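Visitor: just need the structure, nothing else, for what follows:
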Amino acid sequence: MLGKSLLPLLRAAGHEATGTTRREERVEAIRAAGAEAVVCDALDAGALRGAVVAAAPDAVVHALTALPARIVPRRDYLAATNRLRTEGTRNLLAAARAAGARRIVAESVAFLYRAEGSWVKDEAAPPFLDAPGIFRAGAEATVELERRVLGAEGIEGVVLRMGWLYGPGTYYASDGSQAADVRRRRAPVVGAGTGVFSFLHVDDAAAAVVAALERGAPGAYNVVDDEPAPMREWLPAYAEALGAKPPRRVPAWLARLIAGRAAVQMLTELRGASNAKAKRELGWSPAHPSWRQGFAEVLAAGDLSGRGFA
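Guide: Numbering: from 1, shown residues only. Model prediction:
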């Protein structure tokens, strides 16, 4: 999802960029954004190594995902992305070392902190490795990505733990699947709506990547907006920004029958994240400091640009 926002920012900052894609039809979009384009599968270690060495980058951005256009809670929609976060990360690090890159900046997530204690976490909080259902495998794969990047020898590793992305090309875009579910009142407030979400505009995510390429010590950083919020607050506001009816409220027991125990546990126990470290050490701050204004701005604009590439 990051590519469409990131490549123009890299060009504006004076960086030369090469973007990879698994799909031939995305090549022209990458070139139109001002970057060279290479068709390559990150799971093909040899092909990836050849592509990265040929590009001879000073730094590498790891934003590999394979998320479906629509999330279905009872299906294992994370499996392909989990493989990219494990095997793909291993291949990309090997390729980056072979190319002599000095730094790798990897996309992680800020919504997998253990569901205990305070509702807003900093980077020292432990991950949710005992997460329920398919989320456990997702947490394990994400932790492995971080371990490999932060422990890489001979290259500076930076991990950006990003919040729930909204804006063009995301699930929360006006043409995204989350928006469609909210318009149809298929996305209810579950239980007391206590799960805390940290959001991030996709353009702010891209700006954080540029900042991390240029400064900051190796390590992990939460990249989120300034206002973590429980589901009972943000979901009605999101529906209003869409011009949709208010979301229904569904007791947890009923939601478990529909979406499964794992999804309900995440929606009611999810923790938010603090961006203080990223502001302090990366010199980054979100241009969209709150989802409250961000939702209204991007949805009023009708961001019908389609899903981006990564």
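
Visitor: can I get stretch 30-41 as PDB, trimmed to CA atoms?
Guide: Coordinates of each C-alpha in stretch 30-41 appear next as PDB, following Å, rounded to 0.1, in the frame of the first residue of the first chain:
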ATOM      1  CA  ILE A  30       6.000   2.600 -10.800                       C
ATOM      2  CA  ARG A  31       7.700   4.300 -13.700                       C
ATOM      3  CA  ALA A  32       5.100   7.100 -13.700                       C
ATOM      4  CA  ALA A  33       5.900   7.700 -10.000                       C
ATOM      5  CA  GLY A  34       9.500   8.400 -11.000                       C
ATOM      6  CA  ALA A  35      11.300   5.100 -10.200                       C
ATOM      7  CA  GLU A  36      12.900   2.300 -12.100                       C
ATOM      8  CA  ALA A  37      10.800  -0.800 -12.100                       C
ATOM      9  CA  VAL A  38      11.800  -4.500 -11.800                       C
ATOM     10  CA  VAL A  39       9.400  -7.500 -11.900                       C
ATOM     11  CA  CYS A  40      10.600  -9.800  -9.200                       C
ATOM     12  CA  ASP A  41       9.300 -12.300  -6.700                       C
END
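
Visitor: and it, which residues are buried?
Guide: 30, 33-35, 37-38, 40 (16 or more other C-beta atoms under 10 Å). Bear in mind the C-beta positions are built from the backbone N, C-alpha and C, glycine included.

Visitor: now that stretch: average pLDDT?
Guide: What stretch 30-41 shows for mean pLDDT is 92.

Visitor: over to stretch 147-155?
Guide: 96.

Visitor: how about the CA coordinates for that stretch, as CSV?
Guide: Provided in CSV are the C-alpha atoms of stretch 147-155 (Å, rounded to 0.1, in the frame of the first residue of the first chain):
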residue,chain,number,x,y,z
ARG,A,147,14.4,-9.9,14.8
ARG,A,148,16.1,-10.5,11.5
VAL,A,149,16.1,-6.8,10.6
LEU,A,150,17.2,-5.4,14.0
GLY,A,151,19.8,-8.2,14.4
ALA,A,152,21.3,-8.0,10.9
GLU,A,153,25.1,-8.0,10.8
GLY,A,154,26.8,-5.4,8.6
ILE,A,155,23.7,-3.3,7.9
